[in-house]
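[1] Quick one, structure for this:
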Amino acid sequence: MQPGPRNLITDVVGLRVGNAHDATLRSGCTVLTADHPFTAAVHVMGGAPGTRETDLLSPDRLVQQVDALVLSGGSAFGLDACSGVADALHAMGRGFAVGPARVPIVPGAILFDLLNGGAKDWPRNPYYALGHSALTTAQPDFKIGSAGAGYGAMTGTWKGGLGSASLVLTSGLTVGALVAVNALGSVTVNDGAQFWAAPWEYNAEFGGLGISPHPANPTAPVPQKRMGEATTIAIVATDATLTQAQAQRMATAAHDGMARAIVPSHTPLDGDLVFAAATHAKPLQDPLTDTFQLGHAAAICLARAIARAIYSATPQPADLQPTWASRHRR
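    This next block holds a predicted model:
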């Protein structure tokens, strides 16, 4: 396996990503979409999720495909980004057909960034406009780090961010991950420079520092929400033809990557979840082997994407936390 040409989730051909943020708000959103509806599923591991339309993603539901997936800051207010995306899709004639009507299917998830120092005293919810903007500007190339849903993100140690990574399997299938990292836990070992995700790094994509020479700190963290952080939300995607049940299994396996890259993860105060998306561009040659490898690759991609998010974050005025790069980049 090797990363795709962009090392982004959009190495899955046909996918596009749009970011929008507001510097005063210190928050934003990220949208994944495609020219055609795609199969989607979700798996939730955190104790405090905030979601829209996720019940629809169960394999026994009527609608089997979606038009977009949304990751947003803003806690419950951020769910309104999905409405902005839905209206933009409706204007394009997209959506699930019900007679002459079309209803865009836009599941989404949010992270908590209300205490990160940004101005949250808005007279009108700003996330609708952010979602609309992100959808209409979606393209194959997009920024990671301090962008989109990761713009105002934080973690237990460093400033958070938006990350992405990809892998092309020997079978020819492609897997990618997209993540907004706003975790209570830490992405580095003992608050140092080395990332927990180091064993899965390719081509020095987050510094090439290798595995930490120091043992992990056995001290249990204090279970409290600090400043703005809580929740890591992600999407893993593939060009394979998957059923909704197979996509859900890929999302479930991808949580291993989150646990490898963030310590601790899936806490009662985090809303950690993973969406899965499948574009049906390529058939499975061996369903058992291919789905096994897709889950493994999704976990690797997500761990790498998490580290890349923190590695790529950039400083902004009045940050409450340092960026990893400000202390450790060579």
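[2] which stretches of the protein aren't confidently modelled?
    214-229, 329-330 (pLDDT under 70).
[3] go with 80
    By pLDDT under 80, the low-scoring segments of the chain are 190-191, 212-230, 269, 328-330.
[4] What ranges does it have for its strands?
    For the chain, the strands defined by DSSP state E cover 15-22, 27-44, 51-52, 65-72, 96-98, 101-103, 108-110, 161-168, 174-181, 232-240, 273-282.
[5] now for the first one, which elements pack on it?
    Right, strand 15-22. Applying 3 or more Cβ pairs under 8 Å, 6 or more residues apart in numbering; DSSP states H and E, one finds that strand 15-22 contacts strand 27-44, helix 127-136. For glycine as for every other residue, the C-beta is placed from the backbone atoms N, C-alpha and C.
[6] that older thread, and of the strands of the chain, who's closest to residue 315?
    For the strands of the chain, proximity to residue 315 was assessed by Cβ to Cβ; strand 161-168 is nearest, at 11.4 Å.
[7] just the angle between the closest one and strand 174-181, please?
    Using axes from the mean of the first three to the mean of the last three Cα atoms, to 10 degrees, the direction of strand 161-168 lies 170 degrees away from that of strand 174-181.
[8] how about strand 161-168 as CSV, C-alpha atoms only?
    Output of strand 161-168 as CSV, limited to C-alpha atoms (Å, rounded to 0.1, in the frame of the first residue of the first chain):
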residue,chain,number,x,y,z
GLY,A,161,-7.1,20.9,13.0
LEU,A,162,-8.4,19.1,9.9
GLY,A,163,-6.5,16.2,8.5
SER,A,164,-6.6,13.8,5.6
ALA,A,165,-4.7,10.8,4.2
SER,A,166,-5.1,8.1,1.6
LEU,A,167,-3.8,4.6,0.6
VAL,A,168,-4.0,2.7,-2.6
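[9] what angle do that strand and strand 27-44 make?
    50 degrees.
[10] just to revisit the earlier point, okay, the strands of the chain, which one's buried deepest?
    strand 174-181 (a mean of 32; mean count of other Cβ atoms under 10 Å).
[11] Direction included, what does that strand pair up with?
    strand 161-168 (antiparallel), strand 232-240 (antiparallel) (DSSP bridges).
[12] of the strands of the chain, which approaches residue 59 most closely?
    For the strands of the chain, proximity to residue 59 was assessed by Cβ to Cβ; strand 27-44 is nearest, at 7.5 Å.
[13] That closest one - contacts with which helices or strands?
    strand 15-22, strand 65-72, helix 80-91, helix 127-136, strand 174-181, helix 244-261, strand 273-282.
[14] who wins for proximity to residue 8 among these?
    Of the helices and strands packed on strand 27-44, nearest to residue 8 by Cβ to Cβ is strand 174-181, at 6.5 Å.
[15] now the angle from that closest one to strand 15-22?
    10 degrees.
[16] distance between strand 174-181 and the chain's centre?
    6 Å (Cα atoms, centre = their mean, to the nearest Å).
[17] swap in stretch 181-201?
    On Cα atoms, centre = their mean, the centre of stretch 181-201 falls 16 Å from the chain's centre.
[18] That one spans what distance, first to last residue?
    17 Å (Cα to Cα, to the nearest Å).
[19] ok, now stretch 91-109?
    23 Å.
[20] what residues does it touch?
    37, 40, 42, 49-54, 56-57, 63, 65-72, 78-79, 81-82, 85-86, 89-90, 233, 271, 273, 275 (Cβ atoms under 8 Å, 6 or more residues apart in numbering).
[21] thinking again about what came up before, distance to residue 122 for the strands paired with strand 174-181 - can I get that in JSON lines?
    Formatted as JSON lines, the strands paired with strand 174-181 follow (distance: least, Cβ to Cβ, whole Å):
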{"stretch": "strand 161-168", "distance to residue 122": "22"}
{"stretch": "strand 232-240", "distance to residue 122": "22"}
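[22] could the strands of the chain be laid out in a markdown table, adding distance to residue 123?
    Below are those laid out as a markdown table (distance: least, Cβ to Cβ, whole Å):
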| stretch | distance to residue 123 |
| --- | --- |
| strand 15-22 | 14 |
| strand 27-44 | 16 |
| strand 51-52 | 23 |
| strand 65-72 | 19 |
| strand 96-98 | 33 |
| strand 101-103 | 29 |
| strand 108-110 | 20 |
| strand 161-168 | 27 |
| strand 174-181 | 26 |
| strand 232-240 | 27 |
| strand 273-282 | 31 |
